[in-house]
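Colleague: Predicted model and sequence below, questions to follow.
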Amino acid sequence: QKEVEQNSGPLSVPEGAIASLNCTYSDRGSQSFWYRQYSGKSPELIMSIYSNGDKEDGRFTAQLNKASQYVSLLIRDSQPSDSATYLCAVKDTGFQKLVFGTGTRLLVSP
Amino acid sequence: DGGITQSPKYLFRKEGQNVTLSCEQNLNHDAMYWYRQDPGQGLRLIYYSQIVNDFQKGDIAEGYSVSREKKESFPLTVTSAQKNPTAFYLCASSPRGGAGQETQYFGPGTRLLVL
């Protein structure tokens, strides 16, 4: 049974700073996803990453290291609107269920 | 407007009552999923369906049932056998059955409360 571990936080950063969110997983995993969830709302996809290395999309950069079973999300120029819980999810190629971490709560102060 | 809809937004269940949560998608996705989210916990998979007329149990299927008679619909019934049903229920879908590099997209959720 794959497990996905995240620090529950809260991670507090000032506006304009870089927020760094981390996730580790047990067992083999080839695809990672970061979802953002505002309080009382459903998760929305931020980034997906399938290959080792970095993937950038606007202010967001995901980093995947399959050998270390580690994936991270960097948020540059953090804004108060980024304050949310960030869920990490991992799955294998082929149909395997998506396994979610418990999420890291991010607080960006003005 | 394409997307996933869930209804109702809030649902109240009495003791011993079965209730059904609706999930509809017009994205033409093959696969659909039901998750449960409890405070401080990650999403846990209840049931999933990769094609019409077929579905599989997830990690916490006891006390729940589903059907998949149409591609766009995947209703979840919370039966009286589910002793702790209070949670946030999330429906998701993905394009081609869940294999390969494929993303799941979520509906807005239904919050179930026990009276």
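Modeller: Noted; the coordinates are in hand. Predicted model, so just to flag it, every value in this text is computed and none were measured.
Colleague: if I pick A:Ile75, what's in contact with it?
Modeller: A:18-19, A:21, A:59-60, A:82, A:106 (Cβ atoms under 8 Å, 6 or more residues apart in numbering or on different chains). Every C-beta, even on glycine, is put in place using the N, C-alpha and C of the backbone.
Colleague: distance of the closest residue to it other than its chain neighbours from A:Ser83?
Modeller: Leaving aside its sequence neighbours, A:Ile75 sits nearest to A:Ala19 (Cβ to Cβ, 6 or more residues apart in numbering or on different chains; 4.3 Å). For A:Ala19, the distance to A:Ser83 (Cβ to Cβ, to the nearest Å) stands at 10 Å.
Colleague: again, but for B:Thr110
Modeller: 25 Å.
Colleague: who's more crowded, those two?
Modeller: Between B:Thr110 and A:Ser83, counted using other Cβ atoms under 10 Å in any protein chain shown, the more crowded position is B:Thr110 (23 against 19).
Colleague: Now do the same contact list for the closest residue to chain B within chain A.
Modeller: Using Cβ to the nearest Cβ, A:Phe100 is the residue of chain A that sits closest to chain B, at 3.8 Å. Residues near A:Phe100 by Cβ under 8 Å, 6+ apart: A:4, A:87-89, B:42-44.
Colleague: 6 Å instead?
Modeller: A:Phe100 makes contact with A:87, A:89, B:42-43, according to Cβ atoms under 6 Å, 6 or more residues apart in numbering or on different chains.
Colleague: of all the residues you listed, which comes closest to B:Ser7?
Modeller: For these, the minimum distance to B:Ser7 (Cβ to Cβ) is 19.7 Å, reached by B:Leu43.
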